[in-house]
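# Following is a predicted model, sequence given first.
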Amino acid sequence: MSIARAGPDDCSVGVPVYRGRFGTPQAERLLWRAGFGPREGEAESLAKLGLDGAVRALVNPGPEKLVGPRPHDDKGRRLAPADAWGHDHCWWLDRMVRTSRPLVERMTLVWHDWFATSNDGVGSQRLMLRQNQLFRSHALGSFARLLLDVTHDPAMLLWLNGTENDKDAPNENYAREMMELFTLGADRGAYTEHDVREQARALTGWRNRWSAGRGDYDFHFDRSRHDPGVKRVFAKSGRFDWRDAGHLCVQHPLHPSFFVTKLWSYFVPVPPDRTTLRGLEEVYRRGWQVKPVVQAILTHPAVYDGPRMVKPPIVFTAGLLRRIGAGITTTDWAWIGSLCGQQLFYPPNVAGWDDSRWLDTATFRGRWIAVERLLQGRQHDPGKPPKDWPTTAGGVFARSAAFWNAPELSAETKSTLHQVAQLALADARNGEWKQQQYPVLLGNALRQLIAISPDVQTS
Amino acid sequence: MTRIACDECTRAATARAVAGRGLPVVEPGMPTPAGTGLTRRTFVARSLGLALSVYGAGKLSLFDGGIAEAATGAPGPVLVTVFLEGGADALSLLAPVGDPLYRKLRPNLAVTGGAPFIADARLSWHPALAPLAQLDGEGKVAVCPAIGYDHPDQSHFTSRHFWEVGATDPRLLTGWLGRYLDATGRPDNPLQGLSLGGTLQPSLATARVPVAAIDGPGQYDFWVPGVWGEVEARMLDAMDSLGRLRSGDAAFATAANVTRQSATLRRQLLPFASDKGISSPVQYPSGDDSFPKQLQGLAAMIAAGLPLHCVALQASGEYDTHAGQKAALTPALNMTAASLFAFQRDLEARGIADRVLTLVWSEFGRRAEENGSGGTDHGAAGAAFLIGSRVSSGQVGEFPGLASLDADGNVKATADFRGVYCALLEQWFGFDADRIVPSGGRFQRPKLVA
């Protein structure tokens, strides 16, 4: 690792920059952290751009192109993400798989987790998709602007009772989470219970209508329901409204450190050192822009020299699909996502998913099922071995690895899987039909084991 | 001979893979193995018998520990914790109908019509909690009407974290039950700390010993299309081998560990690996709700002798009732109380009720005064319940009355959750609580176990 001052066209002044080798393994890690893993050949071509070029390409991707087979449900019908259960999850998963702008999609996922809204509380896939589009359009833009737009986003207004926050009867739900989870953080001395109540007053006035046919609609600001009085927030006084509430949060001296630390945690599993933290804060303070902070994080040595991360379930799943060039052909992905601990549009609560605890015995089985589902219809029939199917442990292993486009595996993992292969082939010694079928059964089993190995669960 | 494995045949092969050496080898095309179609209970009993014979043969070392402990050791006490997520409104669960301020503070939301609470005539049960009132009448419930801690935090996540880790320490990363299991648990028994329902409950987070999370006991299988027989057995064994991979990298080590734990858990739950539902001596609430099903599976697992020790799960419903509280609370409490009631009756019918104690808790109570959305905002002291045949019934702390609210207009705590934890560790598990709860000596221990 080397630390260098950034060049003149680089905005990450003061933030350490990776200067080691940037080859295919580094490009592959970048694609996992900043997207959903490489398609065939993608890491190799990204590596040719060098670190700065690669990161620049990711943060400035140009118009989106969707590459690959179109998604459909189990009966071949188009997805209905606004209406049918689970289609919302599959629709977004498809976009993660087919997009030409992986970082934009990954940042959309970051905002979904950051401003975690669950359709369990909103009850409208249409409004959830509208919020999803908001996150996508602000993916790498201004956080200050994003915060304001989220504040009156219909799904958020329903989720945290924004349209029930009335001048005569304030509802604190959004005010509290806005400070605790979205901008300042708990237990840092950034705000008091009094600030929560005063911010709730500032945020009064949003309304919507409801009808049996249309559900919740007509989200609007109703001045007559807004509390116009003087509020005192963070020791400042004024006739604050919802815009002021947002500005007060992003201008709070403790906001930049909260923002950059939280954003960093999506890309690197260990906290930033002091120099990095200060540098990132400085970049962010220049105008609350997301892009330069992300750019500085993605060129940081910790991404390339630092520890591995457990891939979030949806990244793991999208990554496997990308790896073999497969499209969405079933809506099983929705319940499988839930088994893995990450059903899109249904985060567990307003704090989002716990990125430090993706793996336990239940979610591991979810990932196993994700791999198994992907293998359905793609396995070889042991009764009809393909021509020239190998009969040695090494040969069968190589075929199974090639199915996944040869993911990087540690020497220990390879040798473990080789031993499994040797034992399974030894079992076949006492039967002629076994000698014919076991190499194929083994090939199928090794596909599963490779994809579920600790090497592929992490990046 | 050609066939792609169907579900049935993979399951048969799975059973063979572990029950192993004493059984006829199942190959593709062979008939379904004997034992399929037996009732659940006999199947369980026979499977455990098979499992023990495997243990006798000394072939499957990881499998041995859990089942051996289950079969040979005296069955230990089980603590079940049930979390009401979102901050359940204590003033609706146990409505202070005898407090003159109740109707003033809750003009729209005051709860009426429930059974009186035996230990304090000012309080009455929410009508939907009638099953708990009935158990209370049988002396099987202890109630904490105002439980919390000093300097209450009104954040869901901070306050829940405090309860989960058993300390008002935002940096503590192990759960209070996790630390207990670290001190007393085994390195080879994930079932000792069991989360039901998708993901691990933080109270069970350990630093040392394995714990498990499952949806239910009957669904923990691992199959792959186009893989069966001996090769499938090798594949499942490979989960252990991958799980034993060592690495200095924390994320890699986590992935390897969970692979090994899943392999162990799969073997532990094999007795439940048939497609048949669990047969219970009592009726549980029907429908899609997972809570009664989880409790039903839990009773069956305890009855089958699986080595469970601490169990954590979430109750039915969502309790963050900022709006529409009345309509939201009734069905949630109905399902939760009816399920807990069925669970208690199930344990009684199976003759294991003396081994199980259930703690129902929430991260905080709600504001005494209702808000304008037909709901209530975050408060301080909340309600907790202990249920079980050996519970010392009555109340822990008392309802402090609505005339003495704190500066934020919230009910003040009259019992500390850490005192309850200490009492459970000492009186239920017979373990020194000061080793688990930081500064545990500071907290008064209520008498919880009769």
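Structure received.

# Stretch B:239-251: which residues count as buried?
B:239, B:240, B:241, B:242, B:243, B:245, B:247, B:249, B:251 (16 or more other C-beta atoms under 10 Å in any protein chain shown). Any C-beta I mention is one placed from the backbone N, CA and C, and that applies to glycine too.

# Could you tell me which of those belong to strands?
Within these, no residue falls in strands by DSSP state E.

# tell me which parts of the stretch 301-450 of chain B are close to chain A?
Residues of the stretch 301-450 of chain B lying close to chain A by C-beta under 8 Å from any C-beta of the partner chain are B:318, B:320, B:322, B:323, B:371, B:372, B:373, B:375, B:377, B:378, B:408.

# who does the residue nearest to residue A:198 when sequence neighbours are not counted bridge with?
Using C-beta to C-beta, 6 or more residues apart in numbering or on different chains and skipping the chain neighbours, the partner closest in space to residue A:198 is residue A:231 (4.3 Å). On the basis of DSSP bridges, residue A:231 is bridged to residue A:238.

# close enough to count as contact, residue A:231 and residue A:248?
No - the pair residue A:231 / residue A:248 is not scored as a contact, 9.6 Å apart, by C-beta atoms under 8 Å.

# Show me what residue of chain B gets nearest to chain A.
residue B:372 (1.6 Å; C-beta to the nearest C-beta).

# on that earlier part again, quick check: neighbours shared by residue A:231 and residue A:248?
Taking C-beta atoms under 8 Å, 6 or more residues apart in numbering or on different chains as the contact rule, residue A:231 and residue A:248 both touch A:199, A:240.

# Tell me the pLDDT of the closest residue to chain B within the stretch 201-350 of chain A.
Ranked by C-beta to the nearest C-beta, the top residue of the stretch 201-350 of chain A for proximity to chain B is residue A:308, at 4.3 Å. Note for residue A:308: predicted pLDDT of 97.

# repeat for residue B:55
Looking at residue B:55, its pLDDT reads 21.

# Let's verify the residue nearest in space to the middle of chain B: helix, strand, or coil?
In chain B, the centroid-proximal residue (C-alpha atoms, centre = their mean) is residue B:312; its distance is 2.6 Å. Secondary structure state of residue B:312, per DSSP: H, G, I helix; E, B strand; the rest coil, is strand.

# Also residue B:82?
Following three-state DSSP, residue B:82 is assigned to strand.

# Excluding chain neighbours, what is closest to it?
residue B:360 (4.6 Å).

# shaky segments in the stretch 301-450 of chain B?
Along the stretch 301-450 of chain B, no part satisfies pLDDT under 70.

# Which parts of it are strands?
In the stretch 301-450 of chain B, the segments counted as strands under DSSP state E, counting those that start in this stretch are B:310-314, B:356-362, B:382-387, B:394-395, B:415-416.

# what about the closest residue to the residue nearest to the centre of chain B other than its chain neighbours, neighbour count?
Excluding the flanking residues, the one nearest residue B:312 by C-beta to C-beta, 6+ apart is residue B:201, at 3.6 Å. Neighbour count for residue B:201, taken as other C-beta atoms under 10 Å in any protein chain shown: 26.

# For residue B:313, see how far away residue B:201 is.
Applying C-beta to C-beta, to the nearest Å, the value for residue B:201 to residue B:313 is 7 Å.

# Spell out the secondary structure type for residue A:208.
Going by three-state DSSP: residue A:208 is strand.

# circling back to that earlier point, quick one, what contacts the residue nearest to the centre of chain B?
Contacts of residue B:312 by C-beta under 8 Å, 6+ apart are B:80, B:81, B:83, B:177, B:193, B:194, B:195, B:196, B:201, B:203, B:204.

# let's see it at 6 Å
Residue B:312 is in contact with B:81, B:195, B:201, B:203, B:204, counting by C-beta atoms under 6 Å, 6 or more residues apart in numbering or on different chains.

# hmm, which two among these are most spread apart?
Using C-beta to C-beta, the contacts of residue B:312 reach their maximum pairwise distance at B:81 and B:195, which is 10.0 Å.

# OK, contacts around residue 115?
Reading this off chain A. Taking C-beta under 6 Å, 6+ apart as the test, what residue A:115 contacts is residue A:150.

# To clarify, I was referring to chain B.
Residue B:115 touches B:125, B:133, counting by C-beta under 6 Å, 6+ apart.

# Kindly provide the distance from it to residue B:337.
12 Å.

# What of residue A:14?
For residue A:14, the distance to residue B:337 - C-beta to C-beta - is 58 Å.

# Looking at those two, which one has more neighbours?
residue B:337 (26 against 15).

# Is that one in contact with residue B:132, as I believe?
Yes - between residue B:337 and residue B:132 there is a contact under C-beta atoms under 6 Å: 5.2 Å.

# Tell me where the model's unsure across the stretch 151-300 of chain B.
If you take pLDDT under 70 as the line, the stretch 151-300 of chain B has these spans: B:274-277.

# mind listing the strands for it?
Using DSSP E, counting those that start in this stretch, strands in the stretch 151-300 of chain B cover B:193-196, B:212-214.

# Turn the ones you listed into a markdown table, including distance to chain A.
Converted to a markdown table, those look like this (distance: least, C-beta to the nearest C-beta, whole Å):
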| stretch | distance to chain A |
| --- | --- |
| strand B:193-196 | 7 |
| strand B:212-214 | 4 |
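
# and residue B:327, which of the ones you listed is closest to it?
Closest to residue B:327 of these is strand B:193-196 (C-beta to C-beta; 27.2 Å).

# next one: the closest one to chain centre, how far?
6 Å (C-alpha atoms, centre = their mean, to the nearest Å).

# okay, that strand in PDB with CA atoms only?
Extracted in PDB, the C-alpha atoms of strand B:193-196 (Å, rounded to 0.1, in the frame of the first residue of the first chain):
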ATOM      1  CA  GLY B 193     -28.900 -21.100  20.800                       C
ATOM      2  CA  LEU B 194     -31.800 -21.300  18.400                       C
ATOM      3  CA  SER B 195     -33.400 -18.400  16.500                       C
ATOM      4  CA  LEU B 196     -36.700 -19.200  14.800                       C
END
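
# Show residues contacting that strand.
Strand B:193-196 is contacted by residues B:181, B:201, B:204, B:211, B:212, B:213, B:294, B:308, B:310, B:311, B:312, B:313 when judged by C-beta under 6 Å, 6+ apart.

# so the fifth one touches residue B:190, yeah?
Yes - at 3.8 Å, residue B:212 counts as touching residue B:190 under the criterion of C-beta under 6 Å.

# what is in contact with these two at once?
residue B:265.

# what's the closest non-adjacent residue to the residue of chain A found nearest chain B?
Minimum separation of chain A from chain B (C-beta to the nearest C-beta) falls at residue A:169, amounting to 1.6 Å. In space, and not counting its chain neighbours, residue A:169 is closest to residue B:372: 1.6 Å by C-beta to C-beta, 6+ apart.

# Can you tell me how far that neighbour is from residue B:437?
According to C-beta to C-beta, residue B:372 and residue B:437 sit 40 Å apart.

# Looking at those two, which is more packed in?
residue B:437 (22 against 16).

# who touches residue B:81 in this structure?
B:312, B:359.
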